[in-house]
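Novice: Structure of the sequence below:
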Amino acid sequence: MPATKDNLDGVVGMRRPGARRWHEQTFLGVFRGQPEKEQALLRIGLGTVVLLGYLAVAALQRTAAAYATLGVVFAYVIFGVATYVAATAATVWPRLRLTLATIADQTFVMLALALGGRVALPLLWVVFWFLVGAGCRYGKRPLLLSCMVALAGVVILMHVEPWWKENFAVGLGVMLSIAATSVYLMALVHRLEQQAATDPLTGLSNRTRLEQAIAKAKTARDDDKGQSVLLFIDLDGFKYVNDAYGHAVGDELLQHFANGLQTRIRRGDTVARLGGDEFVVLARHVHGKAGARAIADGIHDILHGLREISGHPIAVSASIGVRMLDTHRAGDHIDVHALMREADSAMYRAKANGTDKTSFFDEARAGA
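Specialist: Prediction:
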């Protein structure tokens, strides 16, 4: 494949096996690809800083509220240590750990505000810190959960804690601030998720979204509606177009082909560009090889209709590898990368048989 400016945009942003989505990346770079550990480390570090601050407050004021706040902050540092140990030792239930930790983060703040009253008011910034952390690390669902826990906590404070009861308007303002911040973060996170899962040149899904769709399709209970099919597509003659007419024409060809694929997909199907001139279609509810071949024939027809790009004559076809997918039970291990490799190998067999060909993985394996 040619190394063009925009043709390789998708390659540069291509997700390697085992990589994580944008909001699962770490910010400090201490534990690359392990945001749970970094978050635990931040709990310990920032919690210790706050603890030292309230040690000074307790030493100066020597009130029950100051001691209570100090005790909650100390307990939070211990909680941070526990989450670090859990993230290091545990290999199961990451979603449950995330849910419990998200609830606990905001609960600790609300507990400090309830026991400390005015003394704990400087900790209000932590509520918004947790909102940002939940959304930027893990996405919209943890952000929503963090928001709901924070709102519920403020409502309880406004009914049980003396200072908050006397300053009802302040509590209302804090609630509106939490809600507004969460809505803004939700929109921002949604936009970033869309960008992270989209190929910039064609607007199709990228490898990240495709792998998620394959995993979902493998566990879907729709045997009565047909099975899912993976079609790996490589364009024959694309290198010649790039070399003969330039990269801009090659990019336009890719966009035309992507538009053709989008017009042919059905609801529930996924079309992705992996980079260069490689595309994948995940088709749902396909009835046997005859249905899969009909989809492949439709893809060939798209290129049969492309005879000219920006006034330049072209002759481009597709080599298509097909991998029929079996349904897995929930909890079964799904090797998405192996499925992609098998569809890719079928595509190479199709290319070896000449241009404009389709090959099925099981047929290639039987002939090996």
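
Novice: Show residues contacting stretch 243-258.
Specialist: With Cβ atoms under 8 Å, 6 or more residues apart in numbering as the test, stretch 243-258 has contacts from 2, 4-7, 201-204, 235, 238, 241-242, 271, 273, 277, 279, 302-303, 306, 309-310, 312, 314, 316. For the C-beta atoms, the positions are set from N, CA and C on the backbone; glycine is no exception.

Novice: Filter those residues down to just the ones in strands.
Specialist: Counting by DSSP state E, the contacts of stretch 243-258 place 235, 271, 273, 279, 309, 312 in strands.

Novice: follow-up on the earlier one: can you select the buried ones from the contacts of stretch 243-258 in ChimeraX?
Specialist: A single ChimeraX command selects the buried members of the contacts of stretch 243-258 (16 or more other Cβ atoms under 10 Å):
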select :4,6,7,201,202,204,235,238,241,242,271,273,277,279,302,303,309,314,316
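
Novice: In helices only, show me the contacts of stretch 243-258.
Specialist: Using DSSP state H, the subset of the contacts of stretch 243-258 located in helices is 238, 241-242, 302-303.

Novice: Between those, which sits nearest Gln106?
Specialist: Gln106 has its nearest neighbour among those in Ile302, at 50.9 Å by Cβ to Cβ.

Novice: Test my guess that the closest one contacts Asn259.
Specialist: No - the pair Ile302 / Asn259 is not scored as a contact, 9.0 Å apart, by Cβ atoms under 8 Å.

Novice: Show me the shaky parts of the stretch 251-368 of the chain.
Specialist: For the stretch 251-368 of the chain, the stretches with pLDDT under 70 are 327-334, 364-368.

Novice: What are the boundaries of the helices in it?
Specialist: 288-304, 336-352, 361-367 (DSSP state H, counting those that start in this stretch).

Novice: Quick check: which of the ones you listed is buried the most?
Specialist: Among the helices of the stretch 251-368 of the chain, ranked by average contacts under mean count of other Cβ atoms under 10 Å, first place goes to helix 336-352 (a mean of 19).

Novice: now that helix and helix 288-304, what's the angle there?
Specialist: Going by axes from the mean of the first three to the mean of the last three Cα atoms, to 10 degrees, helix 336-352 is angled at 60 degrees with respect to helix 288-304.

Novice: related to what we said a few turns ago, just put the helices of the stretch 251-368 of the chain in TSV and tack on distance to Leu231.
Specialist: Converted to TSV, those look like this (distance: least, Cβ to Cβ, whole Å):
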stretch	distance to Leu231
helix 288-304	6
helix 336-352	7
helix 361-367	11
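
Novice: Nearest to Met175, out of those?
Specialist: Minimum separation from Met175 across the helices of the stretch 251-368 of the chain (Cβ to Cβ) falls at helix 336-352, 42.1 Å.

Novice: and Ala120, which of the helices of the stretch 251-368 of the chain is closest to it?
Specialist: helix 336-352 (46.9 Å).

Novice: Please enumerate residues in contact with that closest one?
Specialist: Under the criterion Cβ under 8 Å, 6+ apart, residues 17, 211, 214-215, 230-234, 236, 280, 319-323, 325, 357-361, 363-364 lie in contact with helix 336-352.

Novice: Recalculate using a threshold of 6 Å.
Specialist: 17, 211, 214-215, 230, 232, 234, 319-323, 357-359, 361, 364 (Cβ atoms under 6 Å, 6 or more residues apart in numbering).

Novice: and if you look at stretch 273-290?
Specialist: 1, 7, 10-11, 14, 199, 202, 204, 207, 210, 213-214, 225-226, 228-235, 238, 268-272, 292, 295.

Novice: partner residues bridging Val271?
Specialist: When bridges are called by DSSP bridges, Val271 pairs up with Val281.

Novice: I figured it hits Leu204, correct?
Specialist: Yes - judged on Cβ atoms under 6 Å, Val271 makes contact with Leu204 at a distance of 5.2 Å.

Novice: Report the contact partners of the closest residue to Ile178 other than its chain neighbours.
Specialist: Leaving aside its sequence neighbours, Ile178 sits nearest to Ala150 (Cβ to Cβ, 6 or more residues apart in numbering; 5.1 Å). Ala150 is in contact with 106, 127, 178, counting by Cβ under 6 Å, 6+ apart.

Novice: One more pass at 8 Å, please.
Specialist: 106, 109-110, 127, 130-131, 178.

Novice: helix/strand/coil for it?
Specialist: Classification of Ala150 by DSSP: H, G, I helix; E, B strand; the rest coil places it in helix.
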